[in-house]
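Undergrad: need coordinates for the following:
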Amino acid sequence: MDGDTQAGGFTPLKGRVVRLADLPLSAAQEGEQSFRASLTPSTLGMEGVVGGWYRVAAGKSNHLDMHPDKDEFYFIHRGRATMLMAGERTPMAAGDTVFVPHGVEHQILDVSPDEDLELFYFFADAQPPFPVRDASRYPVVTFAPAEEG
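TA: Numbers count the residues shown, from 1 in each chain. Purely as a prediction, here's the structure:
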């Protein structure tokens with residue numbers, strides 16, 4: 001057995017720090033939204049986990065969204081807004097953690113007019129069975145490389 005292999009035959013992942021400044025910045029909606037994906041298979045060396053930094057500009061909203069096979073979590077870093085989830089509106093602000101179960105429609109609305117909303121998002125594989133949804137109801141938002149500002 002080599003030095004990295006544990007009893008049971010698996011090799012543990014090595015920890016790492018992913019620096020925000022090293023990640024490409026992507027933007028959508030004419031710069032009203034931007035994100036940097038920091039937790040990906042390429043940065044972590046594992047599947048099933050995706051996450052990163054996300055920003056919605058002051059006074060703006062993001063698109064209606066739903067993930068049929070992923071649970072989503074937000075940790076609000078800066079700003080305040082309203083979360084529309086399964087038709088209910090809930091205020092959220094810096095320090096709040098939000099859980100959006102798979103199959104639940106959600107949207108960030110009413111971002112403060114004075115401050116961008118910045119959050120960390122995290123997707124985790126949901127447990128089957130997954131609900132069946134009409135994907136055509138959810139607009140596709142294309143993110144493109146953004147200029148550093």
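Undergrad: which sections of this structure are below the confidence cut-off?
TA: For the chain, the stretches with pLDDT under 70 are 1-14, 128-133, 135, 139-140, 148-149.
Undergrad: quick one: the helices in it?
TA: Ranges of helices within the chain are 41-44, based on DSSP state H.
Undergrad: bridging residues for the most centrally placed residue in it?
TA: The centre of the chain sits closest to residue 121, judged by C-alpha atoms, centre = their mean, with a distance of 3.0 Å. In this entry, residue 121 is beta-bridged to residue 52, residue 74, by DSSP bridges.
Undergrad: for it, what are its contacts?
TA: 35, 51-54, 72-74 (C-beta atoms under 8 Å, 6 or more residues apart in numbering). C-betas here are computed from N, CA, C, even on glycine.
Undergrad: cool, residue 36 as well?
TA: Residue 36 neighbours (C-beta under 8 Å, 6+ apart): 20, 23-26, 52-53.
Undergrad: now those as a markdown table including distance to residue 101 and neighbour count?
TA: A markdown table is the format used below for the contacts of residue 36 (distance: C-beta to C-beta, whole Å; neighbours: other C-beta atoms under 10 Å):
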| residue | distance to residue 101 | neighbour count |
| --- | --- | --- |
| 20 | 28 | 10 |
| 23 | 27 | 16 |
| 24 | 29 | 11 |
| 25 | 29 | 18 |
| 26 | 26 | 16 |
| 52 | 20 | 20 |
| 53 | 22 | 17 |
